[in-house]
Structures are given as structure tokens and as C-alpha cells.
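S.K.: Here you go, sequence then predicted model.
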Amino acid sequence: GIAPSLTWFAGPNTKATLAYYHYETDGIPDYGLPLTSRNQLDSTVGVGVRLPVDVDPDNFYGLLARDFQKTKVDRGTFTIEHNFGNGWVLSNVARYSKDWNDYIVTNPDDSAGNVVNGLVWRNTKSRNSVSESFADALNLSGVFETGSIGHSISIGAEYSKATQHNRGYTVATGNRNCLIEGLASHNCTTLDGPDPTDSWNGSITQAATASEVDAEDFSLYAFNTITIVPQLLLNGGVRWTTYNTSSPTLNAGAAYKTEFWSWQGAVIFKPTEQTSLYFSYANSKSPPGTTVGDGGQNLSAGTSAQAPQSFENWEIGAKAELLDGALMLTGALFQVNRDNILQVDDSEIVNSIQAARIKGFELGAAGRAGPVSMTVGYAYLDGKQTEGATAGLILPQTPKHNFSGTVSIEVTPQFRIGGGAYHSSKRYADNTNLIWSDGYWRFDANATYDINDHIGVRVNVQNVTDERYINKLRNPHFAVPADGRRAMVSLLLRY
């Protein structure tokens, strides 16, 4: 990839920046391991439970003769900013982007119950899409006073328009029942010993016409931070959005149009210069079709009938600076309420949840004490579905315990050692809590040596204990294991 930029000044108060970003990839995706067949597991595990299969986590069920993914991004951004003085700044950011995404990838599907027989159907997912988008954001920010009360405001408008064309593929993958299909065609393979070098002579046919999805939105917003006294601040904002998306060729001309308000507010109290307490509320909405045909929020006949997904967040917290500002401690209690939750896979609704709430807390510490630098955080999430037939069950993709911590120790001015620890507990992939993966701990280590002021060497070892946990769990198809232990040596150049 490449990302050059050019900035020039038109006088002392106006500057403009033109930036270009180009990035290409050419690889073969790995959708990991299949899930067990429904009702394959012992009844003591639970009726209908599906878990990642217990096989070598390095198994690759794809085909080198068929699978591929090529992506390309071209993006140009123009930013102009004028400083009027006295804290007032007017800025505008305009961006045009064109993205290509072309792939055929093996989905180790078990919708036909092959895994129980020690077989895997090499089903596929594919697309060949081109997306074009334009976005513009205009913002005016400034500070002023009304009497003894200070104001810091930000008002603006945002506009975006995106269009995607997709000419996907029809891939001949044989009979989904591997007992009938057999192994000779290599549309099926064995569960324990897949061979990615298998020959494959099936057909690939590109769609004669492209599907099209369009989306357009426009927003106006205003935010204000009010300083009543230096120890007491009020923050509030409001946003109005109009949004519409349509697909003249996809899903029988599905379309969606809506407009909505969202807002936020907060109270911040600073008992001392080093401490602060706050209470905040914010809500937001996400209408169907926001991924413009390429992702988990695709527009479809089902999603076009849905109200926007809504998010409501209540939070109370505290911050404190210690050791003359060298160490920051944070803590917060929060509750998130969600409605109209959809999880979509290739325009098919796989999870529809009426409402859910997440209660929890988070603790954090970041800073330096002598030769030791650290960043540590823990979050507890109690996510429950609150309405419908699945009320009381755990919200998918919401692990209860989450921890991350990194530490660096300066042994000498030239030599530093460090490491990290990461934890996530058990999580579910579906609203009925029948697909899950266990929690894990991962540990990393690193060392850095500065040869001189300009050259250094860094060694990183990721996943020191070679823990092969599941880091992506997808309903209803597959589970992707994390990479095993790996080491990297980097040469650092400073100038």
C-alpha cells in the first residue's frame, strides 16, 4: 500500500491537506473449523448444542485450486481548515473512495449433518463487488461566554452516498450430503485430514447481471460543553439524521427510508484538579442496510421491514490522576439497552432479538511508575435478552469477563522487556445459546534493545503458551481458531 499526503498553507490561518490511500491484498481466506452436527454431541452437553469440532486447529478445509480473495482500496481525502481566531475554527473534510472485493472462500458448512460421519462439505461464499462512496463533513467549533458561563460548541452537517455493484459467482459444489457426493470430486473432504492441494474441476459461473445497492444519509448536529464553574461541566448534543437505502435488483427491490433523532448528555464534577466524577447518557440508532450490501447489515426483504436498531447507554464513572499525573485510574458502572437486534449472514437473518440489556463495570489503570509502564483494563458484562421467546438467555457475542494488560520494564536506558496478558470468558454465537466456545488466556512477550539513537532491534513472541483458542465464532457455520505461537524480529529505524 501507499499513503502520501500534501499540506499547504494559504496564509497564517488557513491550511489544506490532500491525502491519497491505496491498498491491495491477494490471499486465501480461512473460515476455520466446522461446528459439530446438530444433536451429534452427548445429551449431557445439551440437546441441539453445536460446538467447534475437536480436531487439529491448523486444519484447512479450503481448496488452493479454487479459493482466493483480492481486494483493492483507492481513497482520496481533501481537508481544509480556517482559524478565525479566539477559538473559532471552520473545517471541511471531503472523501471519495472506491473499493473492490473479489473472493471465493470455502465455508466448512455442516448444514447437512456431515460432521457426525467424519466428513465436511466444502460449501462456498463468494462475491465480486465494486463500491463507490462520497462523504463530506462540515464543522464549526468555537468557544464563547455568556456572563460567567463558558461554552465550547461544535455544530455541523454530514452527508454520504454509497453505491455497490456485485456480480457474484455460482460455484458447483456437488451434493451437500457427503455420503452421496463422495470424496472423488473433492467437494467433500474428511474431517480429520483435509488436503488443500486436492484437485478440483467444478464450474464457476459469474452472474450475468450485477445486483445493486444504494444508500444515502444526511445529518445535522450540535454539541455544547458548558462550564458552570471550573469544577462543574455540563455536556449535551443532538443529531438529526435522514437515511434511505434501496436495492432495485436485490431481494425483489427491497427499500428502506427513515429519519430519527439521537442525543447525549453528561454532568462532570471535578472535586480536585486530579479527580473527576461523571454521569452520562447517550442513544443512537442503526437502520437496516448500513453496510450497503457488503457485510452483516445487508438490506433484504426481511430487514427492510425492521425498525432501526437502537442503543441506549447510561454510565457513571470516576477518574483520578496519581503520582503527579504519571498514573491514571478509571472506573465506571454502565447499562446498555438495545432493541431490534439483527444478526445477518448474506442477507439472511440468523438471529433476531427483540430487546437486550448489558449491565457491567470496567476498571482501568495506565501510566508509569519508575521504570515500569503499564496499561491494564478489566470489563464485566452481564448481557441478557429481555423480551421474546429467548428472554433470560445470554446476549450473543457478550463474554462476561474481559481483561487486557501490557507491561514494559526499562531494565537499562537501552534495554526494555515487556509482555501482555489477554482474557475473554465463554461466549455464545446464537440467541438460543446452543453454539458456544470456551474462554481463554493469551500471553505475549517482547524485548527491545537500542543499538544507538537511530537503530534498535525488537523481538515479539505472541501467544507464548501456544493456546489454540477460538477467536471468532459464527452462527450457524464455523469457528476460527487463533494463531499459535509465533515470533517476529523487527529492525527499528529512527530519524
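M.R.: Thanks, I have the structure now.
S.K.: Please, where are all the helices along the chain?
M.R.: 178-181 (DSSP state H).
S.K.: Start and end of stretch 162-171, how far apart?
M.R.: This stretch, stretch 162-171, spans 28 Å end to end (C-alpha to C-alpha, to the nearest Å).
S.K.: quick one: that stretch to chain centroid distance?
M.R.: Mean-position distance between stretch 162-171 and its chain equals 22 Å (C-alpha atoms, centre = their mean, to the nearest Å).
S.K.: residues in contact with that stretch?
M.R.: Outside of stretch 162-171, the residues within contact range by C-beta atoms under 8 Å, 6 or more residues apart in numbering are 66, 104, 124, 126-134, 202-207, 209-216, 292-294. C-beta here means a position set from N, CA and C on the backbone, and glycine is covered the same way.
S.K.: hang on, Val93 packs against Ala157?
M.R.: No: applying C-beta atoms under 8 Å, one finds Val93 not in contact with Ala157, separated by 11.7 Å.
S.K.: shared neighbours, these two?
M.R.: In contact with both Val93 and Ala157: Ala137, using C-beta under 8 Å, 6+ apart.
S.K.: beta partners of Asp217?
M.R.: Beta-bridge partners for Asp217, by DSSP bridges, are Ser160, Tyr243.
S.K.: What score does Leu342 have for pLDDT?
M.R.: Per-residue confidence (pLDDT) for Leu342: 74.
S.K.: so it makes contact with Ala307?
M.R.: No: using C-beta under 8 Å, Leu342 and Ala307 do not qualify as a contacting pair, with a distance of 10.3 Å.
S.K.: Neighbour count for the two, which is higher?
M.R.: Neighbour comparison, Leu342 and Ala307: the larger count goes to Leu342, with 19 against 12 (by other C-beta atoms under 10 Å).
S.K.: the longest strand in the chain is where?
M.R.: With DSSP state E setting the assignment, residue counts place strand 119-146 as the longest strand in the chain.
S.K.: so what secondary structure elements neighbour that strand?
M.R.: Contacts defined by 3 or more C-beta pairs under 8 Å, 6 or more residues apart in numbering; DSSP states H and E place strand 119-146 against strand 88-109, strand 149-166, strand 169-171, helix 178-181, strand 188-190.
S.K.: how about 6 Å then?
M.R.: strand 88-109, strand 149-166, strand 188-190 (3 or more C-beta pairs under 6 Å, 6 or more residues apart in numbering; DSSP states H and E).
S.K.: how far off strand 88-109 does it point, in degrees?
M.R.: Inter-element angle recorded for strand 119-146 and strand 88-109: 170 degrees (by axes from the mean of the first three to the mean of the last three C-alpha atoms, to 10 degrees).
S.K.: Run me through the strand neighbours of strand 119-146, direction for each.
M.R.: Assessed with DSSP bridges, strand 119-146 is paired to strand 88-109 (antiparallel), strand 149-166 (antiparallel), strand 188-190 (antiparallel).
S.K.: want to throw the helices and strands packed on strand 119-146 into JSON lines with mean neighbour count and mean pLDDT?
M.R.: As requested, the helices and strands packed on strand 119-146 are exported to JSON lines (neighbours: other C-beta atoms under 10 Å; pLDDT from 0 to 100):
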{"stretch": "strand 88-109", "mean neighbour count": "18", "mean pLDDT": "95"}
{"stretch": "strand 149-166", "mean neighbour count": "17", "mean pLDDT": "95"}
{"stretch": "strand 188-190", "mean neighbour count": "22", "mean pLDDT": "95"}
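S.K.: Nearest to Glu467 among the ones you listed would be which one?
M.R.: For these, the distance to Glu467 is smallest for strand 88-109, at 21.8 Å, taking C-beta to C-beta.
S.K.: Extract the residue ranges of this structure that are flagged as low pLDDT.
M.R.: 249-254, 289-306, 343-351 (pLDDT under 70).
S.K.: Looking at it, which residue reaches furthest from the middle?
M.R.: Distance to the chain centre peaks in the chain at Gly147, reaching 44.5 Å (criterion: C-alpha atoms, centre = their mean).
S.K.: Against Lys270, how distant is it?
M.R.: Plainly put, Gly147 is 21 Å away from Lys270 if you go by C-beta to C-beta, to the nearest Å.
S.K.: re the thing from before, and the longest strand of the chain, how far from the chain's centre?
M.R.: Remark: strand 119-146 is offset 12 Å from the chain centroid, using C-alpha atoms, centre = their mean.
S.K.: Show me the strands in the stretch 351-495 of the chain, by range?
M.R.: Ranges of strands in the stretch 351-495 of the chain, per DSSP state E, counting those that start in this stretch, are 372-385, 401-410, 415-424, 427-428, 436-437, 440-450, 455-462, 470-473, 478-481, 486-493.
S.K.: On the strand side of things, show who the nearest residue to Trp8 once chain neighbours are set aside bridges to.
M.R.: Excluding the flanking residues, the one nearest Trp8 by C-beta to C-beta, 6 or more residues apart in numbering is Ala16, at 5.9 Å. Assessed by DSSP bridges, Ala16 has beta-bridge partners Trp8, Ile80.
S.K.: from memory Ala16 sits against Glu81, does it?
M.R.: No: contact criterion C-beta atoms under 6 Å: Ala16 and Glu81 do not qualify, at 7.6 Å.
S.K.: Overlap in contacts, these two.
M.R.: When contacts are counted by C-beta atoms under 6 Å, 6 or more residues apart in numbering, Ala16 and Glu81 have no shared neighbour.
S.K.: Please report how far the closest residue to Gln69 other than its chain neighbours lies from Ser203.
M.R.: Of all residues not flanking Gln69 in the chain, Tyr103 sits nearest, at 3.7 Å (C-beta to C-beta, 6+ apart). Distance of Tyr103 to Ser203, computed by C-beta to C-beta: 17 Å.
S.K.: To what extent is Gln462 buried, counted in neighbours?
M.R.: Gln462: 17 neighbours (other C-beta under 10 Å).
S.K.: what about it, distance to Phe443?
M.R.: Separation of Gln462 from Phe443 (C-beta to C-beta) stands at 9 Å.
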